[in-house]
Each structure stands twice: as C-alpha cells, then as structure tokens.
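*Asks:* just coords:
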C-alpha cells in the first residue's frame, strides 16, 4: 500500500491531504500515513486511537526509550520524536513486529513495509495497548 500524507483511517486506506513538510501532497494517493496505518490496524482489534502520532503516544502503557527495543513486544506502538522525552515533538509512529523490526509507513514516495526500528531517528519508546 502506498504512503499518502494524511491518508488512512479506522476504515482503511484513503486519499490524503496536502502537504507534507517536504511539500508532497497525498490528495491523489489512496493509502496510509504512519498514524493512519496504526489507527486502521488497532481499529481491527477494537481499539480507537487518536489521529496523530503525538496524540497516540498518550494511549496505553508507555514503554520508556531508556528500556531499549528489547522491552517491546509485537503489536506495541513505536514512537520517534525530534526531542525524545518530549511527546509534543513526536513525528512518527510504527507497529513493532518483533526482532527489532516495525511495520512502517515511512514517508512520501514509499510503501508500507517492515523496517528496522533503527531506520528512523529519535527513538522515543513505545506504548502497549494490547
């Protein structure tokens, strides 16, 4: 599924919005951005999430970044921030898949895929909702 800035919701993929910080528009792309993907995945499990990565960080039981990725379990949300430790700066969320990897809607021009958690900068810990 393609990345679409602002795309995706509890019902599945959708056309996104304009425009990402890099100027990319999601209006003609049916797909997911990071928080749209997590919103959809958790909706399948009956859990409602807020729309943005920063707001999703307030859900569930937080797993501090200081514990490292070894503290994560498959299904946990993983967060990335411009200033780890300050949730207001969270800019990205993925779903931990195990083995140091996450399900990731990374950025415009990519597809939803699995990546190492280390592929994104500013690891800010996780949250356990399941």
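*Replies:* Yes, it's here. All figures in this text were calculated on a predicted structure; none of them were measured in a lab. Numbering: from 1, shown residues only.

*Asks:* Would you mind finding the longest helix in this structure?
*Replies:* What stands out as the longest helix in the chain, according to DSSP state H, is helix 34-44.

*Asks:* so residue 34 makes contact with residue 93?
*Replies:* Yes: counting by Cβ atoms under 8 Å, residue 93 is a contact partner of residue 34 at 5.0 Å. For the C-beta atoms, the positions are set from N, CA and C on the backbone; glycine is no exception.

*Asks:* on that earlier part again, what is the longest helix of the chain packed up against?
*Replies:* helix 53-56, strand 90-98, strand 101-104 (3 or more Cβ pairs under 8 Å, 6 or more residues apart in numbering; DSSP states H and E).

*Asks:* hmm, 7 Å instead?
*Replies:* Under the contact definition 3 or more Cβ pairs under 7 Å, 6 or more residues apart in numbering; DSSP states H and E, helix 34-44 sits against helix 53-56, strand 90-98.

*Asks:* What angle do strand 90-98 and it make with each other?
*Replies:* Here the directions of helix 34-44 and strand 90-98 differ by 50 degrees (axes from the mean of the first three to the mean of the last three Cα atoms, to 10 degrees).

*Asks:* What lies in contact with helix 34-44?
*Replies:* The contact list for helix 34-44 (Cβ atoms under 7 Å, 6 or more residues apart in numbering) reads 7-10, 12, 32, 49, 51-53, 56, 77, 92-95, 105, 112, 129.

*Asks:* Repeat the analysis, applying 8 Å as the threshold.
*Replies:* For helix 34-44, the surrounding residues in contact (Cβ atoms under 8 Å, 6 or more residues apart in numbering) are 4, 6-14, 16, 32, 48-49, 51-53, 56, 77, 92-95, 103-106, 112, 129.

*Asks:* overlap in contacts of residue 34 and residue 93?
*Replies:* When contacts are counted by Cβ under 8 Å, 6+ apart, residue 34 and residue 93 have residue 53 as shared neighbours.

*Asks:* which ones are touching residue 47?
*Replies:* 129, 130 are the contacts of residue 47 under Cβ under 8 Å, 6+ apart.

*Asks:* The same query, at a cut-off of 6 Å, please.
*Replies:* residue 129 (Cβ atoms under 6 Å, 6 or more residues apart in numbering).
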